[in-house]
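>>> Pasting the sequence and the predicted coordinates here, then a few questions.
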Amino acid sequence: MAEITRERWSSRTLFIFAAIGSAIGLGNVWRFPYLCYEYGGGVFLIPWIIGLIVLGIPWMMMEFGMGRYFQRGAPGVFEGIGKKWEWVGWWPVFCAFLIVTYYTVIVAWSLRYVVSSATMAWGVGEAGATGAGAYFFEQVLNLSSGPSVLGAPVLPLLGFLALTWVVLFFIMFKGARVIGKVAVWTVTIPWALLLVLLVRGLTLPGAIDGLNYYLSPDLAALGNVEVWFAAFSQIAFTLSLGMAGMFAYGSFIAKKADVTNNAFIASFSNCATSFFAGFAVFSIVGFIMQALSVPVGDVSSAGLGLAFVTFPVGISMLPGANAFIGILFFLCIFFLGIDSAFFLAYGGVIAPLMDKFGWSRVKATAIVCVVAFAIGIVYTTTGGLYWLDIVDRTVCFYGLLITGALACLVVGWGFGAEKLREHVNETSDFKVGTWFNWMIKIVVPLGLLFVVIYGGFMQDIPTSYGGYPRWATNVMWIILGVTLLLSFWFQAIKTKGPKEGE
Ligand code: PHE
């Protein structure tokens, strides 16, 4: 294949930071520590690390390697394997697009909370601790009674969402060079902030009790399928694979650069961040337990509840510098989220659109920012949280796992895992053995399908997801179906391909 002029990372270091930044996100703080506590404490690390090695790392090498081989984002890669496969690359593009429409809303909430923290708007001391939940759901979100009651957009959220998209536009419109430079900051700043929060957390009374809950091992957990499900689903989610973007990020690597070692560094750094964040989270959990004399079950939580309720409770109870720590924490959430957002938007959507339609970078970036912002308005309405949750389940669970499994199968059997292995080994610091082929052809797809069936279909088909009305769950299947149809449609569109040098 002729070498084409493709945009490039300015250095290996910048690429690694961009990859780490895309993987590190809200999940490292609000998902991993909780899963660890819930599923066996320290013992959870075993299935999690096994998941990392057998699923995560080979999968990441595959996405980087295929992107580098074809020098294209996901749809271009699958079109390169065979014209009939292009849709396998578009499906995750549509999923990535939907994710970024709501991921940016969470980033906007964090900005909102930076402002709220400055005045400790939810209150300090016990009053703040009791009022933090109501502040989030009633004041900040103005939450309606259910997904069928949308209501008007909440103006401060709309404003912060617009601001988030303006920031994203300026980060993305010059492409990989600027993205790489920005990623160095969006990775190191949250690391530094986590360190500050950790030191503050560990010096609080009760911290050690919290850490005991985080890590005290329960060996019996290893025999529980649920634990393996939790570990594998977290690995699939945390590395930001299956969302098209890593193919494009890989396509910006020079033809002679390393793949295997970079995949190791990026995925281990991501997981180390999760492990580290767990100490910060559970030291605060322990502190709240002691300060309010409540059991761990009342305090530990995952997801939005951890960041926007539990942490504010802890911040209210601090003996001093409440506003300062609040600002640091929500800035940390902001920086954690923003680089996953530009990864989704740029690697996941903009680069593929430029590849296919030959649009200029500025045009593609502007269109994606405006359309994604417009869709995001839905989540700023008073019923927005419910929709955010439903769309999240659809694309970040089903979409990610199904498209990820499909991609591995088409690459493994259609393109040839051995061909990919040889390509990757040619230039990499260390060579992967033939075990890699079986991972891509069989183990990764099976692992992902296990998660989708066990944790997904077996639950959402008999009982409606999240306790929502049945129609809301059906919306999930409709979104999946529509994005799949759109993928076939995009495959059918004939274009001249990318402009040289874009
Ligand atoms: N990896 C991100 C996190 O841990 C989530 C994410 C998934 C982001 C898929 C982009 C794509 O928060």
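Now that the structure is in, tell me what you want to look at.
>>> For stretch 366-374, which residues meet the burial criterion?
By neighbour count on 16 or more other C-beta atoms under 10 Å, the buried set for stretch 366-374 is 366, 368-369, 372-373. Using the backbone N, CA and C atoms, a C-beta is placed for each residue, glycine as well.
>>> Stretch 131-151 too?
Residues 131-133, 135-136, 140-144, 147 are the ones in stretch 131-151 that count as buried (16+ other C-beta under 10 Å).
>>> likewise stretch 287-296?
Quick answer for stretch 287-296 (16+ other C-beta under 10 Å): 287-292, 296.
>>> centre of the chain versus that stretch, how much separation?
Relative to the centre of its chain, stretch 287-296 is centred 30 Å away, using C-alpha atoms, centre = their mean, to the nearest Å.
>>> end-to-end on it?
By C-alpha to C-alpha, to the nearest Å, the extent of stretch 287-296 from end to end equals 10 Å.
>>> swap in stretch 21-30?
16 Å.
>>> And it, how far out from the chain middle?
Its chain's average C-alpha position is 6 Å from that of stretch 21-30, according to C-alpha atoms, centre = their mean.
>>> Quick check: mean pLDDT of it?
Stretch 21-30 shows a mean pLDDT of 94.
>>> Show me which residues of the stretch 51-200 of the chain sit near the ligand.
Contact residues (C-beta under 6 Å from any ligand atom) of the stretch 51-200 of the chain with the ligand: I99.
>>> And the helices in the stretch 51-200 of the chain?
Ranges of helices within the stretch 51-200 of the chain are 57-70, 74-81, 86-119, 125-134, 155-172, 176-202, based on DSSP state H, counting those that start in this stretch.
>>> Report the buried residues of the longest one.
Counting neighbours by 16+ other C-beta under 10 Å, one finds that the buried residues in helix 86-119 are 86-114, 116-117.
>>> again, but for the last one
For helix 176-202, burial by neighbour count (16+ other C-beta under 10 Å) applies to 176, 178-184, 186-187, 189-191, 193-194, 197-198, 200-202.
>>> tilt between that helix and helix 155-172?
130 degrees (axes from the mean of the first three to the mean of the last three C-alpha atoms, to 10 degrees).
>>> ok, then the element right after helix 176-202?
Per DSSP states H and E, the first helix or strand lying C-terminal to helix 176-202 is helix 207-215.
>>> Show me what that following helix is packed against.
helix 32-38, helix 260-292 (3 or more C-beta pairs under 8 Å, 6 or more residues apart in numbering; DSSP states H and E).
>>> Now with 10 Å, please.
Contacts defined by 3 or more C-beta pairs under 10 Å, 6 or more residues apart in numbering; DSSP states H and E place helix 207-215 against helix 32-38, helix 176-202, helix 260-292, helix 296-299.
>>> would CSV of those helices with distance to I50 be doable?
Putting the helices and strands packed on helix 207-215 into CSV (distance: least, C-beta to C-beta, whole Å) gives the following:
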stretch, distance to I50
helix 32-38, 14
helix 176-202, 25
helix 260-292, 12
helix 296-299, 27
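>>> hey, least reliable of the ones you listed by pLDDT?
Lowest mean pLDDT of the helices and strands packed on helix 207-215: helix 296-299, a mean of 82.
>>> Could you look up the SS state of S240?
Secondary structure, DSSP: H, G, I helix; E, B strand; the rest coil: S240 is coil.
>>> so who does the closest residue to G348 other than its chain neighbours touch?
Sequence neighbours aside, A96 is the residue nearest to G348 in space, at 3.0 Å (criterion: C-beta to C-beta, 6 or more residues apart in numbering). By C-beta atoms under 10 Å, 6 or more residues apart in numbering, A96 lies in contact with 74, 103, 240, 242-245, 248, 343-349, 352, 395-396, 399-400, 403.
>>> go on, L211?
Taking C-beta under 10 Å, 6+ apart, we find L211 in contact with 201-202, 278-279, 281-283, 285-286.
>>> And these, which of them are buried?
In those, burial by neighbour count holds for 201-202, 278-279, 281-283, 285-286, counting by 16+ other C-beta under 10 Å.
>>> Now do the phi/psi pair for P147.
phi -60, psi -20 (degrees, to the nearest 10).
>>> and if you look at T381?
Note on T381: its backbone torsions stand at phi -80, psi 170 [degrees, to the nearest 10].
>>> so it makes contact with L157?
Yes. Assessed by C-beta atoms under 10 Å, T381 is found in contact with L157 at 8.9 Å.
>>> Which neighbours do these two have in common?
141-142.
>>> still on that earlier bit, may I see the contacts of L211 arranged in JSON lines, with distance to the ligand as well?
Listed next are the contacts of L211 as JSON lines, based on distance: C-beta to the nearest ligand atom, whole Å:
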{"residue": "G201", "distance to the ligand": "20"}
{"residue": "L202", "distance to the ligand": "23"}
{"residue": "G278", "distance to the ligand": "13"}
{"residue": "F279", "distance to the ligand": "17"}
{"residue": "V281", "distance to the ligand": "14"}
{"residue": "F282", "distance to the ligand": "18"}
{"residue": "S283", "distance to the ligand": "21"}
{"residue": "V285", "distance to the ligand": "19"}
{"residue": "G286", "distance to the ligand": "24"}
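>>> Would you tell me which one of the residues you listed comes nearest to P319?
Among the contacts of L211, G201 lies closest to P319 (C-beta to C-beta), at 13.1 Å.
>>> Correct me if wrong: the closest one contacts A207.
Yes. Because the distance of 5.8 Å satisfies C-beta under 10 Å, G201 is recorded as touching A207.
>>> tell me, what's touching those two both at once?
Shared contacts of G201 and A207, defined by C-beta under 10 Å, 6+ apart, comprise 279-280, 282-287.
>>> What is the nearest of the residues you listed to M61?
Using C-beta to C-beta, F279 comes nearest to M61 of these, at 29.5 Å.
>>> Verify the stated contact: the closest one with G210.
Yes. Counting by C-beta under 10 Å, F279 touches G210, with 9.0 Å between them.
>>> Around the ligand, pick out the residues from the stretch 251-400 of the chain.
When proximity is defined as C-beta under 6 Å from any ligand atom, the stretch 251-400 of the chain approaches the ligand at 340, 344, 396.
>>> wait, which of those residues is closest to the ligand?
S340 (4.0 Å; C-beta to the nearest ligand atom).
>>> ok now do that closest one, which residues does it touch?
Contacts of S340 (C-beta under 10 Å, 6+ apart): 21-27, 99-100, 103-104, 107, 186, 240, 243, 245.
>>> switch the cut-off to 7 Å
22, 25, 103, 240 (C-beta atoms under 7 Å, 6 or more residues apart in numbering).
>>> what is the mean pLDDT for whatever helix or strand it lives in?
Secondary structure from DSSP H and E places S340 in helix 322-342. Averaged over helix 322-342, pLDDT sits at 95.
>>> Who are the packing partners of the helix or strand hosting I478?
Using DSSP H and E, I478 maps to helix 470-492. For helix 470-492, the elements it packs on are helix 86-119, helix 384-392, judged by 3 or more C-beta pairs under 7 Å, 6 or more residues apart in numbering; DSSP states H and E.
>>> Understood, closing this out.
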